[in-house]
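*Asks:* give me the fold of what follows.
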Amino acid sequence: MEENSPAPSALVAEFRALHESGCFVVPNPWSVGSAVYLRHLGFRALATTSAGFAFSAGLPDEVRAVPGPAS
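*Replies:* Numbering: from 1, shown residues only. I've put the predicted structure just below:
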């Protein structure tokens, strides 16, 4: 975690607070660039999309197709 990043518990509290005001949109970025752009547009939360990442890399959305982190 970066030095100036909020603690995970603070992030959980912020995400829960979003639900208190009712419905909100949580977009699925498909790459780092799209995540940065969506954040720049003002979205307070982003989801994850395995299919979006796989398809952006030209791969099928399968466990064996997308390599995991190096051990």
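*Asks:* low-scoring stretches of the chain, by residue?
*Replies:* Counting by pLDDT under 70, the chain shows low-confidence ranges at 1-3, 66-71.
*Asks:* and the helices in it?
*Replies:* For the chain, the helices defined by DSSP state H cover 8-20, 32-40, 50-56.
*Asks:* show me what contacts the residue nearest to residue 25 when sequence neighbours are not counted?
*Replies:* Counting by C-beta to C-beta, 6 or more residues apart in numbering, residue 43 is the residue found nearest to residue 25 once chain neighbours are left out, at 7.0 Å. From N, CA and C alone the C-beta is placed, and that goes for glycine too. Counting by C-beta atoms under 8 Å, 6 or more residues apart in numbering, residue 43 touches 25, 26, 27.
*Asks:* how close does the first one sit to residue 9?
*Replies:* According to C-beta to C-beta, to the nearest Å, residue 25 and residue 9 sit 24 Å apart.
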